[in-house]
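A.B. asks: got a predicted structure plus its sequence, pasted below:
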Amino acid sequence: MTRILRANSIYAFSRDNRPAIRARPPAELIFETQDCFGGQVTPSSPALGTVDWGHINPATGPVYVEGAKPGDVLAVRVQSIEVAGLGLMAAMRGEGVLAGQVRATEVKFVPVARGRAKFNDRVELPVKPMIGVIGVAPAGEPVPCGTPGSHGGNMDTRIIGPGATVLFPVAVDGALLAMGDVHAVMGDGEVMGTGVEVAAEISVRVGLRRDLADLELRNPLIVTDSVLAAVASAKTLDAAVKAATRGLAGILMKRAKLSLNDAGMLCSAAGTVAVSQVVDPLKTARFEFPLNVLRDLGVVI
């Protein structure tokens, strides 16, 4: 496997970023990633007041994928995520759903060992690592790594973990794939602004799926062992839900040849709206649809 060192960090997804490496698909890659604070917050330096906020949410990369062209679909299968032994969380004034109630900023360090994250002396959570920031370069202006969008970015979507494949619409030559901001565990919504933030090593397999070009993807898709999820980010959660639902319904119309009415009714009967995150500059939602129902329709993604 080719390893991309965490020293190769970017803070915005941009077509102008210089590639850390070039890879010919199918490619097996390991991304070394920093935590969302870029290692600036440690037990010996726990204060958030000294953090350089222009250098948070670093993503490792980018990787220039040979042969990837605008209009292609880049497939990134997450093989494994190995997390570091110490994570951290924060409650910050002005951040998160409870922002107006937070009176003092607090940092909590969370030991991670033997598949458990020790929140305190009473609560240990099972580790379920996922990737918060993963994406490709947009065709237009650079997008900070803290912001999600049609390119991916800071989607903070907890089903992007081992076994999941993320499908990205390629907007620039080489795609320029980068990722970071791993969480040892995070709930849907990430309501306080952080999951258990942790440095990690991510093993992925990268390929091109030109057989999906007919879908004309506008936003990422995620395939797990049980669902196909359409992901969308927007200024409001309502708008994100609508975009994600329309994306999934559009796939049913194209691939299963369903009418709009049937696609919508089937989404209403079998699908699930899920909130990925509500704390980033744009809100992110996903619409999950069962793979077994897709197979019944003769659809394979």
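C.D. replies: Thanks, I have it. Numbering: from 1, shown residues only.
A.B. asks: low-confidence ranges in the stretch 51-200 of the chain?
C.D. replies: Along the stretch 51-200 of the chain, the model assigns pLDDT under 70 to no residue.
A.B. asks: test my guess that residue 196 contacts residue 88.
C.D. replies: Yes. With contact defined as Cβ atoms under 8 Å, residue 196 reaches residue 88; the gap is 7.5 Å. No exception for glycine: its C-beta is placed from N, CA and C like everyone else's.
A.B. asks: would residue 111 count as being in a helix?
C.D. replies: No. Residue 111 is assigned strand when assessed by DSSP: H, G, I helix; E, B strand; the rest coil, not a helix.
A.B. asks: now for the nearest residue to it once chain neighbours are set aside, how many residues are close by?
C.D. replies: Leaving aside its sequence neighbours, residue 111 sits nearest to residue 118 (Cβ to Cβ, 6 or more residues apart in numbering; 4.7 Å). Per other Cβ atoms under 10 Å, the neighbour tally for residue 118 reads 16.
A.B. asks: quick one, phi psi at residue 118?
C.D. replies: Phi and psi for residue 118, reported as degrees, to the nearest 10, are phi -90, psi 100.
A.B. asks: contacts only, for residue 230.
C.D. replies: 219, 221, 244, 245, 247, 248, 251, 286, 287, 289 (Cβ atoms under 8 Å, 6 or more residues apart in numbering).
A.B. asks: would you confirm that the residue nearest to residue 111 contacts residue 108?
C.D. replies: No. Using Cβ under 8 Å, residue 118 makes no contact with residue 108, being 10.4 Å away.
A.B. asks: remind me what the helix or strand containing residue 205 packs against, helices and strands.
C.D. replies: Element membership for residue 205, per DSSP states H and E: strand 200-208. If contacts are counted by 3 or more Cβ pairs under 8 Å, 6 or more residues apart in numbering; DSSP states H and E, strand 200-208 sits against strand 27-33, strand 59-65, strand 73-83, strand 175-183.
A.B. asks: tell me the strands beside the first one, with direction?
C.D. replies: The one in question is strand 27-33. Partner strands for strand 27-33, per DSSP bridges, with pairing direction: strand 2-4 (parallel), strand 200-208 (antiparallel).
A.B. asks: same list, the ones you listed, but as TSV with mean neighbour count and distance to residue 43 please.
C.D. replies: Shown next, in TSV, are the strands paired with strand 27-33 (neighbours: other Cβ atoms under 10 Å; distance: least, Cβ to Cβ, whole Å):
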stretch	mean neighbour count	distance to residue 43
strand 2-4	16	27
strand 200-208	20	19
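A.B. asks: among those strands, which is nearest residue 169?
C.D. replies: Residue 169 sits nearest to strand 200-208 of all the strands paired with strand 27-33, at 11.9 Å, using Cβ to Cβ.
A.B. asks: what sits up against that closest one?
C.D. replies: Residues from elsewhere that reach strand 200-208 (Cβ under 8 Å, 6+ apart): 1, 23, 25-33, 63, 65, 67-68, 72-84, 129, 131, 177, 179, 182.
A.B. asks: would you mind giving the strands paired with strand 27-33 as a markdown table with distance to residue 230 added?
C.D. replies: Output for these, formatted as a markdown table (distance: least, Cβ to Cβ, whole Å):
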| stretch | distance to residue 230 |
| --- | --- |
| strand 2-4 | 28 |
| strand 200-208 | 20 |
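A.B. asks: this completes my enquiry, with thanks.
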